[in-house]
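S.K.: sequence first, then the predicted structure, then my questions.
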Amino acid sequence: MRLKSRTFATLAALAASFQIAAAAPAKSSAAPGSGKESKTLRIGYQKYGTLILLKTQESLEKTLAEKGWKVEWKLFQSGPVLLEALNAGSLDFGTTGEAPPIFAQAAGAPIRYVGFEPPSAEGEAILVPKDSPLKSVSDLKGKKVALNKGSNVHYLLVKALEKAGVAYKDVQTIFLSPPDGRAAFERGSVDAWVIWDPFLGAAQAQLGARTLADGTGLVSNTQFYFASEAFADSHPQLVRDVLAAVADADRTALKRPAEAASLLAPEVGLSAAVLEPLVKRLGLGVEIINDAAIAEQQKIADAFHALGLIPKKLSVKEAQWLPAPEVAAEVREFPERFGE
């Protein structure tokens with residue numbers, strides 16, 4: 001089944017928002033030629049995942065302090081907004097899922113893919129209330145579905161509907177942030193909610209929400225790490241240091257998920273008991289960005305172009321970080337250290 005261009009039409013506004021932001025020059029704290037460097041690394045994170053675990057451990061601050069750098073953490077509700085901030089020069093480093101960077105790059109945002117985590121397809125899903133009569137994705141026809149616009153779960157919904165043979169236009173999409181989506185889901189003002197962890201796990205544990213479909217067999221739900229072009233080009237060794245710290249945080253979560261859940265609990269606002277199984281389904285084991293990961297992103301970009309969402313064919317590889325061989329070699333050692 002070939003989707004019409006309007007399948008993703010509601011995502012087009014995201015590209016427009018990046019185009020507006022791109023009109024202003026970036027003001028990265030690490031931009032070369034600025035005369036005086038602020039020596040502050042600004043990291044954008046979301047309310048879950050390895051970066052928030054890294055923040056709680058405060059290990060990166062100790063490492064970078066020895067080099068004269070401070071770390072400033074900035075919280076974002078979703079990937080699209082985080083990348084807008086990076087594009088506008090308010091961030092140096094951050095993480096999002098697969099879909100947001102496609103629109104960002106298409107709009108000219110100066111981003112660099114620097115690393116990625118393994119896929120975590122079970123970390124996002126289409127939920128319905130526990131007593132809902134809906135039994136399958138095909139039952140969503142004519143129903144109200146809440147989701148965060150332009151995020152990975154938007155792409156999940158489209159792929160799930162495509163597989164079920166339901167036209168995207170036959171579903172009433174209601175664009176809501178995760179907190180508003182949860183409220184609408186609880187009130188019963190929507191029939192389904194497409195969401196990611198930890199909001200997903202919380203709804204399953206606290207509300208008994210049922211899963212119509214998760215990303216398995218549909219999407220990868222890969223998390224990518226990004227740096228601004230100016231920061232990556234000027235400070236490749238610092239990017240290496242951040243990825244090394246991410247690798248250490250990943251190892252903690254892999255080997256001691258209960259400990260990781262306890263560290264995350266106060267930041268996320270959920271109990272360690274609820275978070276521990278979610279930690280276990282995270283994609284963990286950061287790697288330097290490589291050609292295979294970029295090729296997967298290219299498939300998504302090509303699909304968006306075919307649907308008319310981006311104006312011209314995009315070369316994702318142009319946004320790939322290509323550090324000096326010695327830096328790249330150091331980063332490639334990280335996965336091997338997970339066997340320690």
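M.R.: Perfect, I can see it now. Residues are numbered from 1 along each chain as shown.
S.K.: end to end on stretch 250-266, go ahead and measure it.
M.R.: Counting by C-alpha to C-alpha, to the nearest Å, you get 19 Å between the two ends of stretch 250-266.
S.K.: state the mean pLDDT of it.
M.R.: Averaging pLDDT along stretch 250-266 yields 90.
S.K.: then stretch 173-183?
M.R.: The average of the pLDDT scores along stretch 173-183 is 94.
S.K.: residues in contact with the closest residue to Leu156 other than its chain neighbours?
M.R.: On the basis of C-beta to C-beta, 6 or more residues apart in numbering, the spatially nearest residue to Leu156 that is not a chain neighbour turns out to be Val219, at 5.1 Å. (Each C-beta comes from the backbone N, C-alpha and C, glycine too.) Applying C-beta atoms under 8 Å, 6 or more residues apart in numbering, we find Val219 in contact with 98, 121, 124, 152, 155-156, 159.
S.K.: can you tell me how far Val219 sits from His154?
M.R.: Using C-beta to C-beta, to the nearest Å, we find Val219 at a distance of 10 Å from His154.
S.K.: from Glu66, how far off is the residue nearest to Leu156?
M.R.: 40 Å.
S.K.: Lys255 too?
M.R.: Lys255 sits at a distance of 26 Å from Glu66 (criterion: C-beta to C-beta).
S.K.: of those two, who's got more company?
M.R.: A side-by-side neighbour count of Lys255 and Glu66, using other C-beta atoms under 10 Å, places Lys255 first with 12 against 8.
S.K.: what about the nearest residue to Gly181 once chain neighbours are set aside, how many neighbours?
M.R.: In space, Gly181 comes closest to Ala146 once its chain neighbours are excluded; the distance is 4.3 Å by C-beta to C-beta, 6+ apart. Applying other C-beta under 10 Å, we find 26 residues neighbouring Ala146.
S.K.: just confirm Ala146 is within a helix.
M.R.: No: under DSSP: H, G, I helix; E, B strand; the rest coil, Ala146 sits outside any helix and is assigned strand.
S.K.: mind listing what it touches?
M.R.: For Ala146, the contacting residues are 174-176, 180-181, 184-185, 190, 192-194, by C-beta under 8 Å, 6+ apart.
S.K.: same question, Arg112
M.R.: The neighbourhood of Arg112, defined by C-beta under 8 Å, 6+ apart, consists of 226-229, 232-233, 319-321.
S.K.: just flag the most distant two among the residues you listed.
M.R.: The most widely separated members of the contacts of Arg112 are Ser228 and Gln320, with 14.3 Å between them, by C-beta to C-beta.
S.K.: of those two, who's got more company?
M.R.: Remark: of Ser228 and Gln320, Ser228 carries more neighbours, 27 against 16, as counted by other C-beta under 10 Å.
S.K.: wait, that one sits on Pro110?
M.R.: Yes: counting by C-beta atoms under 8 Å, Pro110 is a contact partner of Ser228 at 5.9 Å.
S.K.: longest helix in the protein, please.
M.R.: Among the elements of the chain assigned as helix by DSSP state H, the one spanning the most residues is helix 236-255.
S.K.: which element follows that one toward the C-terminus?
M.R.: Next helix or strand after helix 236-255 toward the C-terminus (DSSP states H and E): helix 257-268.
S.K.: mind listing what's buried along that next one?
M.R.: When burial is assessed from 16 or more other C-beta atoms under 10 Å, helix 257-268 yields the following buried residues: 257, 260-265, 267-268.
S.K.: now do the SS call for the residue nearest to Leu156.
M.R.: coil.
S.K.: would you check how far apart it and Arg42 are?
M.R.: Distance, Val219 to Arg42, using C-beta to C-beta: 29 Å.
S.K.: equivalent analysis for Gly94, please.
M.R.: Following C-beta to C-beta, the distance that separates Gly94 from Arg42 is 9 Å.
S.K.: so what touches stretch 232-239?
M.R.: Applying C-beta under 8 Å, 6+ apart, the external contacts of stretch 232-239 come out as 30-32, 41, 64, 67, 69, 93, 112, 114, 227, 231, 321, 323-324, 327.
S.K.: narrow the residues you listed to those that are buried.
M.R.: For the contacts of stretch 232-239, a burial check counting by 16+ other C-beta under 10 Å picks out 30-31, 41, 64, 69, 93, 112, 114, 227, 231, 321, 323, 327.
S.K.: and those residues, which of them are in strands?
M.R.: Among the buried ones among the contacts of stretch 232-239, the members falling in strands (DSSP state E) are 41, 93, 112, 114, 227.
S.K.: Trp69 is in contact with the first one, correct?
M.R.: Yes: the pair formed by Leu41 and Trp69 meets the contact definition of C-beta under 8 Å, at 5.5 Å.
S.K.: how is this protein divided into domains?
M.R.: When the chain is parsed into structural domains using automatic domain parsing, the resulting residue ranges are 5-120+222-337, 121-214.
S.K.: would you single out the least confident of the ones you listed?
M.R.: Within the domains of the chain, the stretch with the lowest mean pLDDT is domain 5-120+222-337, showing a mean of 82.
S.K.: wait, doesn't Pro80 sit right on Phe103?
M.R.: Yes: in terms of C-beta under 8 Å, Pro80 counts as a neighbour of Phe103; the distance is 7.3 Å.
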